[in-house]
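1. Have a look at this prediction, sequence included:
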Amino acid sequence: FSFGAVLQISAGFQQVKLGERGRRRRDFHDAGINTRQAMEHVKDSKSGTSGTPINLTANFFRILSRPQWFLYQYHVDFNPPMESRRLRSALLFQHEEVLGSARSFDGALLFLPLRLDSKETVLFSETRNGEKVKITVTLTNELPPTSPVCIQFYNIIFRRILRILNLQQIGRNYYDPHDPLNIPQHRLTIWPGYTTTILQYESAIMLCTDVSHRVLRSETVLDFMANLRQQWGPHRFPEICTKELVGLIVLTKYNNKTYRIDGIAWDHTPNNTFKRGDTDISYKNYYKTQYGLDITDGNQVLLISQVKRGPLGAPLPSPAMLIPELCYLTGLTEKMRSDFQIMKDLSQQTRLSPQEREGRLHRFVTNLQKNPEAQAELDKWGLSFDKHLLKMTGRILPQEMIFQGSTSYHYQLNSADWSKEMRGVPLISCPPLNNWFIFYTRRNSSETQSLLQTLGRVSGPLGISMQRPVMIQYEDNQEYLLRALRQNVGPQTQMVVVVLPSSSKDKYDSVKKYLCVSCPTPSQCVLSRSISRPQAIMTVATKIALQMACKMGGELWSVEIPLKQLMIVGIDCYHDITAGRRSIGALVASLNQGMTRWYSKCVLQDKGQEIMDGLKMALSGALKDYLKFNNCLPSRIIVYRDGVGDGQLHSVVNYEVSQIIDSIKSMGHDYLPRLSVVVVKKRLSCRFFAHMNGKVINPLPGTVVDSEVTRPEWYDFYIVNQTVRVGSVSPSHYNVVYDTSGLKPDHMQRLTYKLCHMYYNWQGIIRVPAPCQYAHKLAFLVGQSIHKEPNMYLDNLLFYL
């Protein structure tokens, strides 16, 4: 398409109001934001050229439509007006001989693949009561295949196809309840399914589909509540039950719908009644007559699920009242996630190799094409799907050289990891560790001595000068530990190591809160079980030594960054549900040429407040610190913004960018650095597959895709950054929403990939640029553990790793 056509598509998306239930999905809001038009240097091409070409397939299928295909939009008027949408549909569809069998009607707008004989068509219908109704059908629009309304319409048609294939919608995705995978030893069931989106991509309108899995638990909410009552007793049961259940997603198998639990109606049981039409009916009788279900426990309390949206223009419906006995828990608890065996058994079922994933996708499209009813529905609309996954070309970027002290080395590309190569090589720099403490319990005395000896062995070759610490034994109790910290840690303390006998969150949180807020000191918590295996102690001690080094301001390694006077900024946020749903925004900015020193700031904000409101001051603080470090301000700033959900791109483009510019202006009106703002997205349905020697494999780290499956209205690209041992690798998506840097796409892609090598908590390539991961870690620590802004004395240290 021409760039002008793309602009029309983009502008049109802002007007779309179509939805299967009168609503729009949030990701369609993002599609209406055309940022590429303002960037002269990528108007004609946003593709790079550096690297080695590689043939790929992607999980996309082209949509094919008849030549000269149009979708016709009509407005439908009823006289007298009819309140019920169901009744309006029934009256309209009495005229199949005029309208045809292919139609979509949302109560006001009618879509047909054919043009009626006249612009205004008058039809007459009759209700069951014999009331005559005049229906006026007026043509309002002829829509070509690329129109935004058509694209959203394709998604509606496709959702019909998925229902024809007997797939059940849960959330946004569709799952097959007839082919469950059972893990009986953990009382878990997995429903296999698919994510699906049809959008306008660079080369065509395509369906992007990926394999998805939904984990269901075999226990009902009633079972879960009974266990809680038994565990905590009747007095604490209401408090614990509310804490555990509110926010969980449950599945009701009688209608295969999911609900979020928003509250518990302690004064309601299944014997309570509600209005159904003009009569009162008890919940117990309702489920018996409507679904043939017998409720066995008449004394169970009911669950409340607020209905977020009703029909357009109508007041919000009353909340749904759910019966715990009929609700099944979905997803995993934190306890389950930390259970190695559960996660291993789950991953064996859900982590598909590239070959298996590609095979599953082929099978899905084959089933669709073999299903007569599904094909008939597509044929009615003159649509079909390509049988094959999209073939395309990517590029593998050149491998980076790692610089460490006076040494440089390449890493194994297949593993994207240099933990072996860096052993025994001095770090770039590390302050000598002269004044530090290790706190331990009597029970962990021998493991702590073993850790200390091993730290002494590994620190020398890494160039870390480490004096013997002061050893403090504490009673295994939170109060005793805090008292020991208060009595010993002072302004001269460089590092505190705390050996914890168990993974008690309360104890960890209290240590971090005290040492990050009240008494600002870098700290390292170590679980005793992680240092209890002699065969692993060298590896663990090396990682602990590296963490301690960078928490004190040490520089571990670097890659070549050719751009001078450059500041890189990473922004992420975390939603702290324990502190009244506050948002935590974190900003991390580079302070030196090698991207080895960082300024970190966190702000806590109330729900509904824009995250950049607080981070404006943080960016000004970063610029002031950069000025102190370098005696000049950066001439280029590149901001990587992570944590942007579907539908939030508009806020970043129209609000956050201007806030960033205002913050830069606060340094002086004559200060005009070049600025780029890049939105980073990790949660993607997009997958790429490489084909080698007849096998389907994951693409190598550094694989870039910047055509075919990118979006025409955006300056965007994908990078496969890391490797995975099991399953299929996920790329990350980068959308440059503002750019006055003039950097070529090649340079932006190379720089982004380089920054994925600079995260000091992992000796390898990570999935996003290092400052994004640093910002994530900082926001997570504040949101999970300290719930306050960290002390400003820690701003120039990576204390949160």
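-> Great, that's in hand.
2. In a strand, residue 457, correct?
-> No: counting by DSSP: H, G, I helix; E, B strand; the rest coil, one finds residue 457 to be helix, located in no strand.
3. That one: neighbour count?
-> 13 (other C-beta atoms under 10 Å). For glycine as for every other residue, the C-beta is placed from the backbone atoms N, C-alpha and C.
4. Contacts only, for residue 504.
-> By C-beta atoms under 8 Å, 6 or more residues apart in numbering, the residues touching residue 504 are residue 478.
5. CA atoms of stretch 321-329 as PDB?
-> The C-alpha trace of stretch 321-329 is given here as PDB (Å, rounded to 0.1, in the frame of the first residue of the first chain):
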ATOM      1  CA  MET A 321     -23.200 -13.700  42.200                       C
ATOM      2  CA  LEU A 322     -21.300 -17.000  41.900                       C
ATOM      3  CA  ILE A 323     -21.600 -20.300  43.800                       C
ATOM      4  CA  PRO A 324     -18.200 -21.500  45.100                       C
ATOM      5  CA  GLU A 325     -19.200 -25.100  44.600                       C
ATOM      6  CA  LEU A 326     -19.600 -24.400  40.800                       C
ATOM      7  CA  CYS A 327     -16.400 -22.300  40.400                       C
ATOM      8  CA  TYR A 328     -13.100 -23.900  39.500                       C
ATOM      9  CA  LEU A 329      -9.800 -22.100  40.200                       C
END
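6. Show the average pLDDT along that stretch.
-> In this model, stretch 321-329 carries a mean pLDDT of 92.
7. Distance from the chain centre to that stretch, please.
-> Its chain's C-alpha centre and that of stretch 321-329 lie 28 Å apart, by C-alpha atoms, centre = their mean, to the nearest Å.
8. any weak-confidence spans in this protein?
-> For the chain, residues meeting the criterion pLDDT under 70 lie at 1-32, 67, 308-316, 576-581, 608-609.
9. biggest helix in it by residues?
-> Longest helix of the chain, by residue count under DSSP state H: helix 221-245.
10. List the buried residues of that one.
-> By 16 or more other C-beta atoms under 10 Å, the buried positions in helix 221-245 come out as 221, 222, 223, 224, 225, 228, 241, 245.
11. repeat for stretch 482-499
-> Neighbour count says stretch 482-499 has 482, 484, 485, 489, 493, 494, 495, 496, 497, 498, 499 buried, by 16+ other C-beta under 10 Å.
12. first to last residue in it, what's the distance?
-> Criterion C-alpha to C-alpha, to the nearest Å; first-to-last residue distance in stretch 482-499 is 13 Å.
13. all helices for the stretch 701-801 of the chain, in order.
-> 745-755, 770-781 (DSSP state H, counting those that start in this stretch).
14. Which strands and helices lie in contact with the shortest one?
-> Yep, that's helix 745-755 we're talking about. strand 636-641, strand 674-681, strand 715-720, strand 732-739 (3 or more C-beta pairs under 8 Å, 6 or more residues apart in numbering; DSSP states H and E).
15. Among those, which comes closest to residue 697?
-> strand 715-720 (11.6 Å; C-beta to C-beta).
16. partners of the closest one, with directions?
-> strand 703-705 (antiparallel), strand 732-739 (antiparallel) (DSSP bridges).
17. returning to that earlier point: could you identify which of the helices of the stretch 701-801 of the chain is most buried?
-> Ranked by mean neighbour count under mean count of other C-beta atoms under 10 Å, the helices of the stretch 701-801 of the chain are led by helix 770-781, which reaches a mean of 25.
18. re earlier: so of the strands paired with strand 715-720, which one's packed in deepest?
-> The most buried one of the strands paired with strand 715-720 (mean count of other C-beta under 10 Å) is strand 703-705, showing a mean of 25.
19. Now the phi/psi pair for residue 211, please.
-> Here is the backbone geometry of residue 211 (degrees, to the nearest 10): phi -80, psi 140.
20. can you pull out the helices in the stretch 1-150 of the chain?
-> 3-15, 26-31, 85-92, 96-99, 148-164.
21. residues of the shortest one that come out buried?
-> Across helix 96-99, burial judged by 16+ other C-beta under 10 Å covers residue 99.
22. Contacts for it, please.
-> Against helix 96-99 from outside (C-beta under 8 Å, 6+ apart): 92, 93, 110, 112, 116, 121, 123, 137.
23. which ones among the residues you listed are found in strands?
-> Judged by DSSP state E, the subset of the contacts of helix 96-99 located in strands is 110, 112, 121, 123, 137.
24. quick one on the thing from earlier: output the strands paired with strand 715-720 as TSV; include the columns distance to residue 432.
-> Formatted as TSV, the strands paired with strand 715-720 follow (distance: least, C-beta to C-beta, whole Å):
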stretch	distance to residue 432
strand 703-705	42
strand 732-739	38
